[in-house]
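> below: sequence and its predicted model.
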Amino acid sequence: MFSLHTNRLTLHQVQESDIEDIHMLLSIPAVDQYNALGIPTNIEVTQVYLDEWIENLKMRQEFVFSIREKQENNFIGLFSLRIGTSKYKIGTIWYKLHPKYWSQGYATEAAYKVLQFGFENMNLHRIEAGCAIDNIGSIRVLEKIGMQREGCKRKILPLLSGWSDAYQYAMLEKEWEVSINR
């Protein structure tokens with residue numbers, strides 16, 4: 001099994017044994033607030049998501065990682081790097097963390113490691129992310145890791161609260177190289 005490591009975290013490829021943790025995470029209303037996926041109605045719906053992620057992983061189209069604390073092996077959340085068409089060398093990230101782990105630097109730490117993997121191992125030219133304009137936590141994470149806000153898509157996210165605008169962020173390979181050499 002492929003995994004990434006930081007000082008405090010292990011990010012491993014999602015696997016069948018993660019189903020209970022993933023279902024619990026996706027069922028938390030606060031986690032769903034700014035995400036368009038929606039709360040799964042039952043664990044079978046979560047299994048469909050997990051099966052798709054595992055299949056995408058086999059085809060190297062998307063790397064979905066289960067995030068765990070190194071010390072206690074506690075499940076923290078999910079992080080994904082979706083790979084676009086090979087000609088454009090673009091990846092897109094998304095993540096979901098359990099609220100118990102918000103505002104402790106875990107998302108930033110995981111995001112930085114996934115960017116490193118995308119640029120240095122997958123040889124991507126550009127990595128993108130989007131987030132609801134009211135999602136202050138995600139905005140902070142994306143800006144801390146050096147992604148640049150490029151614009152705003154109007155009324156693109158079908159959230160439980162209604163249609164939301166989303167900020168678009170990106171980092172280029174050259175910007176990554178500059179950031180790691182500081």
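Structure's in. What do you need? Numbering: from 1, shown residues only.
> make it CA atoms for all contacts and neighbour counts henceforth
Fine.
> buried ones in the lengthiest helix in the chain, by neighbour count?
Criterion DSSP state H: the longest helix present in the chain is helix 43-58. Buried residues in helix 43-58, defined by neighbour count with 16 or more other CA atoms under 10 Å: 43, 46-47, 49-51, 53-54, 56-57.
> and the next helix or strand past it?
strand 62-69 (DSSP states H and E).
> off-centre distance for that next one?
8 Å (CA atoms, centre = their mean, to the nearest Å).
> and the host helix or strand of M171, what's buried?
In this structure, M171 sits in strand 162-172 according to DSSP H and E. Neighbour counts over strand 162-172 (16+ other CA under 10 Å) mark 164-172 as buried.
> strands paired with that strand, and their directions?
Paired neighbours of strand 162-172 in the sheet (DSSP bridges): strand 126-132 (antiparallel), strand 148-159 (antiparallel).
> after that strand, next one along is what?
helix 173-180.
> quick one: contacts of that following helix?
119, 124-126, 146 (CA atoms under 8 Å, 6 or more residues apart in numbering).
> SS state for G38?
Classification of G38 using DSSP: H, G, I helix; E, B strand; the rest coil returns coil.
> run through the residues that contact it.
By CA under 8 Å, 6+ apart, G38 lies in contact with 26, 32, 159-160.
> swap in A30?
A30 neighbours (CA under 8 Å, 6+ apart): P99.
> that one belongs to a strand?
No: counting by three-state DSSP, A30 is not part of a strand but helix.
> can you tell me how far it is from K174?
35 Å (CA to CA, to the nearest Å).
> and for E20?
39 Å.
> could you do G130 as well?
20 Å.
> count residues in the vicinity of K70, would you?
Using other CA atoms under 10 Å, K70 has 15 other residues around it.
> again, but for I180
8.
> per-residue pLDDT, it?
Listed pLDDT for I180 reads 77.
> same question for G38.
88.
> could you give the backbone dihedrals for it?
Main-chain torsions, G38, degrees, to the nearest 10: phi 90, psi 160.
> which residues of the protein score low on pLDDT?
182 (pLDDT under 70).
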